[in-house]
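Peer 1: Here is my input; please provide its structure:
(chains A and B)
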Protein chains: 2
Amino acid sequence: MPSIGATCATEKQMKQMTETKEVNRNGVNVTALKGAMDAISRDSTLANFVFRSKNMWLDGGHNRSTISGFYGVGGEQQRETSFVMDADEPFVLLGFDRGANPVEFVLHALAACVTTTAVYHAAARGIRIDEIESRLEGDLDIRGLLAMPGAARNGYEQITFKMKIKGDGTPEQLEEIVRFGQAHSPVFDIVSNGTKVNVEVMKD
Amino acid sequence: MPSIGATCATEKQMKQMTETKEVNRNGVNVTALKGAMDAISRDSTLANFVFRSKNMWLDGGHNRSTISGFYGVGGEQQRETSFVMDADEPFVLLGFDRGANPVEFVLHALAACVTTTAVYHAAARGIRIDEIESRLEGDLDIRGLLAMPGAARNGYEQITFKMKIKGDGTPEQLEEIVRFGQAHSPVFDIVSNGTKVNVEVMKD
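Peer 2: Residues are numbered from 1 along each chain as shown, chains lettered A, B, ... in the order given. Sure, this is the predicted structure:
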């Protein structure tokens, strides 16, 4: 099975990587990254991924997602463990604070994706990153959620995303890395531009 | 300080709630929900919320968000604990699988939000929910992330969201509850319609 990051699939292989002097920068195996891009250039189907999540309602505003396998690099990919995450609402929104709430998870996904995209591209360009920290805020009028009149929309009216970045580039280069991250981040695109969601109610 | 869910802010108060025969349905305090809507009808500023997240890059595709306080119901709201969540990439995307990846968190946020919105509205309408389970899939061409030509876009091309719902309503009522959840869910709106994100690079 072809694998984009095949060389770092196991600890043993990772040790071999180090021994063979592959380039690692910002925690990213740049040799494997360039190899992955070469492989995709030859066979674009390796770039098709399908990510999946299963969610179970528990009680009130409390529900739980389980995330494990996905499709990518030409085949089904299993993980050693599943990721389990709980969402809930805070007390003032009638939950019991058993997890961050769904709109807070959006801020996490957005920050995480722009950060990773920036770090990978910095690695590919030979720029060392020392620190990235970001703070996000989203303004929400809950009249939309409550189906009450008056809200401009149901979702965030806007999101403010402040990112601090330090590394061995010039301030201009580091800002350019952030802008490049923003310009290529999948979650930034989803959140900024929207994505078609097909909701199907299953009968049984 | 006004509080939308003030009656369920502490365990003691929650016990009092039960003693005073407030209506709880689907784990939602319907009496408090209706009280919250009345309070917002009288003072719409109570509906203004600001949610926040702080993210710190750790290494490669690994980063961590911390979510604690927020602004809502007219004031700053502190939580007893912070929620900490890690994102990473799987091995084939050159990470080390130390957390779900950012686009997977989007699926969680979306499922969680539509579920909660549906459950709250079912509670308000007097419909008992016994089960909600959903499965989501998002199709992603990672050539966008890698800044390679050929991808239609950087984010999900589409998301398929299959929801199973059981309760004491008719199949038509239960489907209507899902559609209502979809129509009022903040994350469904963000993901479907997009939200303006202002990225600011901090100089220091």
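
Peer 1: Could you chop chain A up by domain?
Peer 2: A:1-45, A:48-99, A:101-195 (automatic domain parsing).

Peer 1: Could you say which of these is packed most deeply?
Peer 2: domain A:101-195 (a mean of 22; mean count of other C-beta atoms under 10 Å in any protein chain shown). Using the backbone N, CA and C atoms, a C-beta is placed for each residue, glycine as well.

Peer 1: my guess is A:L107 contacts B:T66, does it?
Peer 2: No. Look at A:L107 against B:T66 with C-beta atoms under 8 Å: they stay out of range, at 10.9 Å.

Peer 1: So for those two, which residues contact both of them?
Peer 2: The contact sets of A:L107 and B:T66 overlap at B:S53 (C-beta atoms under 8 Å, 6 or more residues apart in numbering or on different chains).

Peer 1: pretty sure A:T117 is in a strand, no?
Peer 2: No. Per DSSP: H, G, I helix; E, B strand; the rest coil, A:T117 lies outside any strand segment and is helix.

Peer 1: hmm, stretch A:126-145 in reach of chain B?
Peer 2: Yes. Stretch A:126-145 lies within reach of chain B by C-beta under 8 Å from any C-beta of the partner chain, at A:129, A:131-145.

Peer 1: circling back to that earlier point, can you list the domains of chain A in JSON lines and add mean pLDDT?
Peer 2: Listed next are the domains of chain A as JSON lines, based on pLDDT from 0 to 100:
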{"stretch": "domain A:1-45", "mean pLDDT": "75"}
{"stretch": "domain A:48-99", "mean pLDDT": "97"}
{"stretch": "domain A:101-195", "mean pLDDT": "97"}
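
Peer 1: could I get those as TSV with distance to B:Y120?
Peer 2: Formatted as TSV, the domains of chain A follow (distance: least, C-beta to C-beta, whole Å):
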stretch	distance to B:Y120
domain A:1-45	41
domain A:48-99	7
domain A:101-195	8
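
Peer 1: looking at those domains, which is closest to B:L93?
Peer 2: In terms of C-beta to C-beta, the element of the domains of chain A nearest to B:L93 is domain A:1-45, at 6.2 Å.

Peer 1: Which one, of the domains of chain A, ends up nearest to B:T195?
Peer 2: Once the domains of chain A are compared by C-beta to C-beta, domain A:101-195 is nearest, at 4.7 Å.

Peer 1: Let's verify A:G169: helix, strand, or coil?
Peer 2: Under three-state DSSP, A:G169 falls in the coil class.
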